[in-house]
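Engineer: Predicted coordinates and the sequence they were generated for:
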Protein chains: 2
Amino acid sequence: MSAVDRAARAASDAFATYGWLNGRKKGELLRAIASRLEVTGDAIIAIANQETSLGIPRLKSELARTCNQLRMFAGLVEEGSWVDARIDRGKVDVRSMLRPLGPVAVFGASNFPLAFSVPGGDTASALAAGCPVIVKAHPAHPETSKLTARAISEVVPQGVFALIEGYEAGTELVKHPLVKAVAFTGSRRGGRALMDIAAARREPIPVFAEMGSINPVFILPRALRERGAEIATGLHASVTLGVGQFCTNPGLVIARQANTFIEELATKMAATPCAPMLTSSIAEAYKTGVARFGSIVNRRAFVDGGAALFTTSAATFLDHEELMEEVFGPSTLVVEFDDREQLLEVARRLEGQLTATVHAAEGEIDDYRDLIQILETKVGRIVVNGYPTGVEVAPAMVHGGPYPATSDGRSTSVGTRAIERFTRPIAWQNAPDAALPDELKESNPLGIVRMMVPGLLLAVFYHS
Amino acid sequence: MSAVDRAARAASDAFATYGWLNGRKKGELLRAIASRLEVTGDAIIAIANQETSLGIPRLKSELARTCNQLRMFAGLVEEGSWVDARIDRGKVDVRSMLRPLGPVAVFGASNFPLAFSVPGGDTASALAAGCPVIVKAHPAHPETSKLTARAISEVVPQGVFALIEGYEAGTELVKHPLVKAVAFTGSRRGGRALMDIAAARREPIPVFAEMGSINPVFILPRALRERGAEIATGLHASVTLGVGQFCTNPGLVIARQANTFIEELATKMAATPCAPMLTSSIAEAYKTGVARFGSIVNRRAFVDGGAALFTTSAATFLDHEELMEEVFGPSTLVVEFDDREQLLEVARRLEGQLTATVHAAEGEIDDYRDLIQILETKVGRIVVNGYPTGVEVAPAMVHGGPYPATSDGRSTSVGTRAIERFTRPIAWQNAPDAALPDELKESNPLGIVRMMVPGLLLAVFYHS
């Protein structure tokens, strides 16, 4: 029996208990994982810094985010109303709620060794849903993976969590009949490969792959005139944050008559100190990407092995599909448009994106309802007068977007909706209380918000 | 330009308006479609009866169900809270809600020429979500399809609805880049073919295929002793309803020491009058299926070209995977188990099912929590002391289930949750009211239920 097979069987066995654990108990476990991560925080951060070069301050805040996220899901399942309980008392008594899918395979990201890796949002939301988790460790931070995996394993019941390693083990995991869903954060090539494997299974399973995007930033004319310098500063910070290694990194800027703005941005980009990237293969791919862009458009600022600024016209951009490709790292391309129709055409031609940002002066957005409407069909999140990097961990957050930003635009990997990925609705018809989960019992013993049909529901609903 | 290409482009163009229509307006259109279907009801029913042989009374009630369903979705979007609006006023202002995906391809079923075909639940829920719909007509009822399509086309704006015909056109439709989701009701072979096409697209799209199942009925020992004759009567009615041509038809019965019960059921099955099936190919497939079962297990009752009852032991059943295959028509297989472990093993070995039914005497279900728990991992709906046929159109209903019952166990094709299939969440960050949809504006102009974070939400929530 392979390690994957062993982990999958153990997860499936554990599901028979863990999948029916009440929210209070699951909340306890999630909080205990967070505490455990904090207790071993110094060691985790030290190893993560060795493996990723991300720096202590960033890793400290990433650990805090990770624990915050675990506690957000703890709060969600402790409160309990997330299950979307519905009770129809029409001709037939039908009651339904969301239930966990079963064992989930999680593929961690290289660029967030904590918040989008072993103890990250995918693991937290799957565990919160009631699904055992098997993480395939990212080879860029193996020791961080092991250390954080230990913090989880020490807390959860036998079989509920496992860590596996190796490319082939990852493939075997996605093919394993006992695995019921896959979550992935990484490259488009990697995500698509998992999608194809999952779709070809005898029993196809859902894959939630977050594959990054170029996160266009539209600067409307009046905003550029009024706040050009300020936007150049903010954009530079966003492009170069974490050596540009964010899936929400803004790789495309659309503006008009932007000479001064480009000048300012170029000065800042050229003065950006170099910093090591996550892995040598990421650095290599970045170099190749920058060279490719340099062969098509103007290179306006460049630090060898570091920040890069490119500029071109909308006409050239629209002629070169390859300029839509993500260059993972601290580079961005400013596209200058001539008229409104060109601006809209650039928006229309975009692939699916995690985010789009619009900078607008007071009242200016009213004149660009058509742009906003196009963007609503392209992205998971629209940011106004801000920057796409920084994905708040909050119930309303959507960190998703149409393919190829993700495998399934109907999902988010950040925010409380992330739990829904690992669940499905089940209905009970004409069932006595003894056969019903607590969430659907007549007396509502958990005191959760439920949809009553027909009925008048007075719900006091608190989220913090 | 092909008919499919024309329809897809028109749908995509129409989406730019229809996708942003408010709920009141969409509700009006759905109600107008229902009224139109009722006005032309006699003609529709007459043609449907010619094409399907389902009989006037059944088709009348199917038309009523279809209109009821359209009005249920009208009510849902008029009320408006279904969009799951969320407002975070934390460090960052983030607001999100569900938005429509874009043009949806719908493949109607042969066995419900109205309720699961052109004007059926898939069309109703997609239109309610804000998605234009292109239906691929089922070849078993082409004229019914045209007549009902006309009722829709006369009501909705240009491009929002289209009907296409032909196998190749259907394939072209699923491959078309402007189509964003697929809904299908039919055979496993047909559904899987569409899943594979959709997964192989450059931009894979979700497929919601409902592919039927064998809907096991578990009769617990005390229930059999107390109500055996009554259950035989109810089961016979359910197995033979509509010549057994329901995806919720009970094709498997699990019972212990069931001689008397089998005798009673056999008498009823043998006395069932023959009736024409939907198409000659369905009748042919039924004949083949019955012959295949007859070569493995005992044929206890048989009407040539009609009802068939098979019996076997749990041991034989567990040895023959092919006995899990659906025989679409008025046949069922009674499997007798010896002990509790065999009963549980039969449950464990089941594939994904739309439904499972349990007949239990007073208090008996308490002793079978383990059976219920296994069934919860296998099905979309658990029916207690009833029969699986008859899927109530109601907010809590789940007409879904793990693969191969459906392509995506996280969805339902009946009930208000069906609308969620055709939507995805979008977030707006730091957006002024002018850039926000009405559902998320500060003043809540639509008066819908929203999740406020942090906040205390007093929701008065009415569903009828």
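Structural biologist: Here it is on my side, so go on.

Engineer: can we go C-alpha only for contacts and neighbour counts from here?
Structural biologist: Noted.

Engineer: tell me which element residue A:126 falls in.
Structural biologist: helix A:121-129 (DSSP states H and E).

Engineer: how about that helix: buried residues?
Structural biologist: For helix A:121-129, the neighbour count (16 or more other Cα atoms under 10 Å in any protein chain shown) marks A:121-129 as buried.

Engineer: Can it be said to contact chain B?
Structural biologist: No - judged by Cα under 8 Å from any Cα of the partner chain, helix A:121-129 makes no contact with chain B; its nearest approach is 13.3 Å.

Engineer: Give the buried residues for stretch A:349-359.
Structural biologist: Of the residues in stretch A:349-359, A:350-359 count as buried by neighbour count, 16+ other Cα under 10 Å.

Engineer: oh, I was asking about stretch A:263-280
Structural biologist: Neighbour counts over stretch A:263-280 (16+ other Cα under 10 Å) mark A:264-270, A:272, A:277-279 as buried.

Engineer: Between the two ends of it, how far is it?
Structural biologist: Terminal residues of stretch A:263-280 lie 31 Å apart, using Cα to Cα, to the nearest Å.

Engineer: pLDDT on that stretch, on average?
Structural biologist: The average pLDDT for stretch A:263-280 rounds to 95.

Engineer: Need the three-state assignment for residue A:209.
Structural biologist: Following DSSP: H, G, I helix; E, B strand; the rest coil, we place residue A:209 in the strand state.

Engineer: What residues are bridge-paired with it?
Structural biologist: In this entry, residue A:209 is beta-bridged to residue A:184, by DSSP bridges.

Engineer: On the three-state scheme, the most centrally placed residue in chain A is what?
Structural biologist: In chain A, the residue lying closest to the centroid (Cα atoms, centre = their mean) is residue A:413, at 4.1 Å. What three-state DSSP gives for residue A:413 is coil.

Engineer: contacting residues around it?
Structural biologist: Residue A:413 makes contact with A:121-122, A:210, A:398-400, according to Cα atoms under 8 Å, 6 or more residues apart in numbering or on different chains.

Engineer: would CSV of the residues you listed with distance to residue B:454 and pLDDT be doable?
Structural biologist: Output for the contacts of residue A:413, formatted as CSV (distance: Cα to Cα, whole Å; pLDDT from 0 to 100):
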residue, distance to residue B:454, pLDDT
A:121, 21, 98
A:122, 23, 98
A:210, 28, 97
A:398, 17, 97
A:399, 20, 97
A:400, 23, 97
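
Engineer: For chain B, state which of these is nearest.
Structural biologist: Checking the contacts of residue A:413 against chain B by Cα to the nearest Cα gives residue A:398 as the nearest, at 5.5 Å.

Engineer: Report the contact partners of the closest one.
Structural biologist: A:380-381, A:411-415, B:96, B:425-427.

Engineer: per the record, what domains does chain A have?
Structural biologist: The record's domain parsing of chain A by the TED database lists A:3-211+A:408-423, A:216-384.

Engineer: element containing residue A:61, please.
Structural biologist: Assigned by DSSP H and E, residue A:61 belongs to helix A:56-79.

Engineer: Okay, now the unreliable bits of chain A?
Structural biologist: Along chain A, the parts satisfying pLDDT under 70 run over A:455-464.

Engineer: Restricted to strands, list the buried residues of stretch A:349-359.
Structural biologist: A:353-359 (DSSP state E).

Engineer: Out of these, the closest to residue B:365 would be?
Structural biologist: Using Cα to Cα, residue A:354 comes nearest to residue B:365 of these, at 47.8 Å.

Engineer: circling back to that earlier point, which one of the buried residues of stretch A:263-280 sits closest to residue A:433?
Structural biologist: residue A:278 (53.9 Å).

Engineer: now that closest one, nearest residue through space, not along the chain?
Structural biologist: residue A:52 (5.1 Å; Cα to Cα, 6 or more residues apart in numbering or on different chains).

Engineer: Let me see the contact set for that neighbour.
Structural biologist: Counting by Cα under 8 Å, 6+ apart, residue A:52 touches A:111, A:113, A:140-141, A:277-279.

Engineer: okay if I get these as CSV plus secondary structure?
Structural biologist: Converted to CSV, these look like this (three-state DSSP):
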residue, secondary structure
A:111, coil
A:113, coil
A:140, coil
A:141, coil
A:277, coil
A:278, coil
A:279, coil
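
Engineer: Rebuild those as CSV, extending it with distance to residue B:76.
Structural biologist: Converted to CSV, the contacts of residue A:52 look like this (distance: Cα to Cα, whole Å):
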residue, distance to residue B:76
A:111, 42
A:113, 43
A:140, 48
A:141, 48
A:277, 50
A:278, 49
A:279, 51
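
Engineer: if we take those residues, which one ends up nearest to residue A:80?
Structural biologist: Using Cα to Cα, the contacts of residue A:52 come closest to residue A:80 at residue A:113, 29.5 Å.

Engineer: Secondary structure class of the residue lying closest to residue A:9 once chain neighbours are set aside, three-state.
Structural biologist: Leaving aside its sequence neighbours, residue A:9 sits nearest to residue A:178 (Cα to Cα, 6+ apart; 7.0 Å). Following three-state DSSP, residue A:178 is assigned to coil.

Engineer: from memory residue A:178 sits against residue A:103, does it?
Structural biologist: Yes - Residue A:178 lies in contact with residue A:103 (Cα atoms under 8 Å); the separation is 6.9 Å.
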